[in-house]
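Chemist: I'll drop the sequence and a predicted model, then ask my questions.
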Number of protein chains: 2
Amino acid sequence: MENTRLRRDPVSLRWVVISPSRAELPFPGLPVRPPGVPAEACPFCPGNEAKAGPEIHVEREPGSPANGRGWWVRVVADKYPILHIEGGLEKSAEGMYDSMNATGAHEILVETPEHDQHWADLEVLQLDRILRACQQRSLDLRNDPRFRHVIWVKNHGLPTSLFQHQHSHIVASPFVPPAIEEELRGFGTYVRWKERCVLCDMVKQECAVGHRIILREGTVLVLAPFAPRFPYETWIVPTDHAHDFGATRTAVLRDLARALQGIVTRIRSLLNDPPYTLVLHSSPLGEFTREEYHWHLELVPRPPQVLGLEWGTGIYINPVPPEVAAERLRQAVQ
Amino acid sequence: MENTRLRRDPVSLRWVVISPSRAELPFPGLPVRPPGVPAEACPFCPGNEAKAGPEIHVEREPGSPANGRGWWVRVVADKYPILHIEGGLEKSAEGMYDSMNATGAHEILVETPEHDQHWADLEVLQLDRILRACQQRSLDLRNDPRFRHVIWVKNHGLPTSLFQHQHSHIVASPFVPPAIEEELRGFGTYVRWKERCVLCDMVKQECAVGHRIILREGTVLVLAPFAPRFPYETWIVPTDHAHDFGATRTAVLRDLARALQGIVTRIRSLLNDPPYTLVLHSSPLGEFTREEYHWHLELVPRPPQVLGLEWGTGIYINPVPPEVAAERLRQAVQ
């Protein structure tokens, strides 16, 4: 058994405790997944388009009517947006404090017309449509000068999810999210020191070593990072340097669709269809763009909360070494 | 109803979405709290001292035997430490990556001999003993030159907790936890700009405005911060500037004990005894000490996970404005 070690992630510069001995700790099961809204009442099912609201973006069968059946993917405004599209930023002070309007965009990407379909069972063509819709929204939202960043987040099967129909969130914000800021510091430090991209160097080293690679589809690499915060945390990285997901070429998107299908299939099979979260990390927009950034996706099967240390202190304890996770995930689908 | 606003926390510099309208969102209940280990088998109960291991620090009745009954508070080594006391740091490279031994200390502070007692029902004297034990451990652990920081974390009633007997964790680490690093950046920026402590300024402004104050005990202020990440997040702050919890005077500790009892009682009453996490934030140690830091405690009733945005992007959405939380908590105990 490998000893407990502290490892530092070279992108975020955070130290993580890789602690295989804590895998022996008794751990209560995950909360039971609630049944969710049934298909009849599901706003994301065909026939219920009015419930979800008018489409901002759609891919549909030729000749099918707008906001009616016949779509493959559909983007609508979120009914409970965390950021609102209306109004200016109206930055203001309250004594020493700063506040501004929660201006931004919050959209829902409905990923398939089928109520019960799992990402692992989608055709690569359908995953490709999802990625293209996401890219289109990113390109459109950046025309709004109030927005500094667009993020894409997919939650699958969280116990707090109301809707089990596959969907994800696209959020444009007037500030750079802290997780991206943290990485920008890492990319910036590395590029000043080495004049190279840290994630490009990681790709090269991982390809040379091999034991943290899970799979590869053309120009897209799927790996367990050296210092993962969570068991089975997975990064999906384009092998060629590119800071902006919005500028991704069609061929790379197709590789990405295949890579996503591969990893989601393996995670479902190995971990018995766990909840997971998938987050797109891309460069900020406009004048805040940073070309040393390297876009990628981070996928985390539902993290258990053992000590409350994680969010309280930023210290993460991971009982599954990434080499073990990668080995198991490589073997998961034969 | 107040509009959704973005607010920036002046200590951590993070933007938080205060979104009262999202309070209407239907939300599944919290997971049920498991029963935990019964008193007979509880390693933290009197008579079972051998199960918990030898005491590193203790306060006990005069004349009672070491590692036997008669103690009031007791500190032992954690059986599944996240960081290990043995060995040097042995920093090493693996290609471009950095790692070191997970060296540190991980201790359990057993906070009362009573198996079923809640913090809200402890005497102020007993809370004072807990705080003094924590302070003593902090002073002792800093003699080890490998350690840069000591953190104290208490989890109450988490669904993942094995032991319901009141206890907390003291962790000494060879690096500064990211949550503290983040605050140090905020304190540093503010002191360079204003030549004052940002938390001292906050204390002054909150006292002048009043509507985010929950209670005050002598030199200790309990408030809802301007930009809380979580509903009912509460900070407990000494009003006089002090960077080091280890150096806290006896009179301030006594005020702190009273303040903690006050806020824990109100949270239990208002929110129906929710799980919560309490984290001590104090300056790093030795050569890493920063005198512009201002020690404090952060208390968070169990945060719901609505979007997975929180840990994935660092963006927090809080449906309860701190002015509302403070008002409700002030009224909670009449």
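Modeler: That came through fine. Numbering: from 1, shown residues only, chains lettered A, B, ... in the order given.

Chemist: for A:Ala326, helix, strand, or coil?
Modeler: Under DSSP: H, G, I helix; E, B strand; the rest coil, A:Ala326 falls in the helix class.

Chemist: give me every residue that touches the closest residue to A:Arg258 other than its chain neighbours.
Modeler: Closest residue in space to A:Arg258, ignoring its immediate chain neighbours: A:Glu217 at 4.1 Å, by C-beta to C-beta, 6 or more residues apart in numbering or on different chains. In this view, the C-beta of every residue, glycine as well, is placed from N, C-alpha and C. Contacts were defined as C-beta atoms under 8 Å, 6 or more residues apart in numbering or on different chains; by that measure A:Glu217 touches A:Asp255, A:Leu256, A:Arg258, A:Ala259, A:Gly262.

Chemist: Could you rerun that using 6 Å?
Modeler: A:Asp255, A:Arg258, A:Ala259 (C-beta atoms under 6 Å, 6 or more residues apart in numbering or on different chains).

Chemist: most distant residue from the middle of chain A?
Modeler: Relative to the C-alpha centroid of chain A, counting by C-alpha atoms, centre = their mean, A:Gly95 is the outermost residue, at 37.1 Å.

Chemist: Report the secondary structure state of the most centrally placed residue in chain A.
Modeler: Computing the C-alpha centroid of chain A and ranking residues by C-alpha atoms, centre = their mean puts A:Val279 first, at 1.4 Å. Classification of A:Val279 into helix, strand or coil gives strand, according to three-state DSSP.

Chemist: That one and A:Val300 touch, don't they?
Modeler: No. Distance between A:Val279 and A:Val300: 8.1 Å, which falls outside the contact criterion (C-beta atoms under 6 Å).

Chemist: tell me the pLDDT at the residue of the stretch 101-250 of chain A found nearest chain B?
Modeler: The minimum distance from the stretch 101-250 of chain A to chain B, using C-beta to the nearest C-beta, falls at A:Pro178 (2.9 Å). Per-residue confidence for A:Pro178 comes out at a pLDDT of 89.

Chemist: Can you tell me the number of residues neighbouring it?
Modeler: 17 (other C-beta atoms under 10 Å in any protein chain shown).

Chemist: if I pick it, what's in contact with it?
Modeler: For A:Pro178, the contact set (C-beta under 6 Å, 6+ apart) comprises B:Arg14, B:Gly314.

Chemist: repeat for A:Ile263
Modeler: Taking C-beta under 6 Å, 6+ apart, one finds A:Val222, A:Thr234 in contact with A:Ile263.

Chemist: Check for me that it belongs to a helix.
Modeler: Yes. With three-state DSSP as the criterion, A:Ile263 is located in a helix.

Chemist: Could you check the pLDDT of it?
Modeler: Per-residue confidence for A:Ile263 comes out at a pLDDT of 96.

Chemist: what do you get for A:Gly29?
Modeler: Reading off the model, A:Gly29 has pLDDT 52.

Chemist: same check, this time on A:Lys154
Modeler: Reported pLDDT for A:Lys154: 93.

Chemist: Adding secondary structure, write the contacts of A:Glu217 out as TSV.
Modeler: TSV is the format used below for the contacts of A:Glu217 (three-state DSSP):
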residue	secondary structure
A:Asp255	helix
A:Arg258	helix
A:Ala259	helix
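
Chemist: what's the distance between the residue of the stretch 101-250 of chain A closest to chain B and A:Ser138?
Modeler: Distance of A:Pro178 to A:Ser138, computed by C-beta to C-beta, to the nearest Å: 20 Å.

Chemist: Would you mind listing what in the stretch 101-250 of chain A touches chain B?
Modeler: For the stretch 101-250 of chain A, the residues found near chain B under the criterion C-beta under 6 Å from any C-beta of the partner chain are A:Ala102, A:Ile151, A:Val153, A:Asn155, A:Thr160, A:Phe175, A:Pro177, A:Pro178, A:Ala179, A:Asp201, A:Gln205, A:Phe226.
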